[in-house]
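Q: Sequence first, predicted model second:
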Amino acid sequence: MKKYFKELERLIKEVDKKAINKAVDILYAAWLRGKTVYVMGCGGSASTATHFVCDLAKCTIVKDKPRIKTMALVDNIPLVSAWTNDNGWESVFAEQLEPWLYPGDVLVGFSVHGGSSKWSGNLTKAMRLAKDRDIKVIGFAGFDGGAMKELADACIVVPIDKEPLATPLVESFHVVLHHLICAILLKEKIERG
């Protein structure tokens, strides 16, 4: 318990605040322009993706102001399983995005490892599609940031890479970060309109 909390304290100090601010700026710009924020993740990160979409949609409401448009790419289980069955797991997010991405939209990915040849190839494939369409990409990763660090316009890397604590701390800290980002977005909307 002491080690877990000590690591959390270190992460709070060491996480890149500039990357957080850049992610907020990207999301705020999309919100102002009425664009859509798409969010994805696998495993525990899939639940974080859904949670983030919930909080973006609900916890940023300012009376008489336009709301943020957001969608989790993990929530339509029949569609996820159809793409997986017909085209393979790596296609699941890119194929969903294919007809929906428009200039100014944002794609957000959550991944403990940030995508590599071993993990989250479906996220990196979707990010490459987004980049090909000039869509801003935000990544939430751990370890060394993986492919997300290279693909994302803003990549928030939780600086820990030693198991057995790395995976639970990265997933936990991603939730802390998404709550922080929603709080900042709400404050910005109230103050700047």
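A: Noted; the coordinates are in hand.
Q: which one is residue 114 nearest to, not counting chain neighbours?
A: Nearest residue to residue 114 in three dimensions, chain neighbours excluded: residue 146, at 2.6 Å (CB to CB, 6 or more residues apart in numbering). Glycine gets a C-beta too; all of them are placed from N, C-alpha and C.
Q: Kindly list the longest helix within this structure.
A: helix 166-192 (DSSP state H).
Q: From the chain's centroid, how far away is it?
A: On the basis of CA atoms, centre = their mean, to the nearest Å, helix 166-192 sits 10 Å off its chain's mean C-alpha point.
Q: Which strands and helices lie in contact with that helix?
A: Contact here means 3 or more CB pairs under 8 Å, 6 or more residues apart in numbering; DSSP states H and E; on that basis helix 166-192 packs against helix 2-14, helix 17-32, helix 44-58, strand 136-141.
Q: what sits up against the shortest one?
A: Right, strand 136-141. 23, 26-27, 30, 45, 48, 105-115, 127, 130-131, 145, 148-149, 151-158, 170, 174, 177-178 (CB atoms under 8 Å, 6 or more residues apart in numbering).
Q: Need the buried ones from those residues selected in PyMOL.
A: Buried residues within the contacts of strand 136-141, by 16 or more other CB atoms under 10 Å, are selected in PyMOL with:
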select buried, resi 23+26+27+30+45+48+105+106+107+108+109+110+111+112+113+114+115+127+130+145+148+149+151+152+153+154+155+156+157+158+170+174+177+178
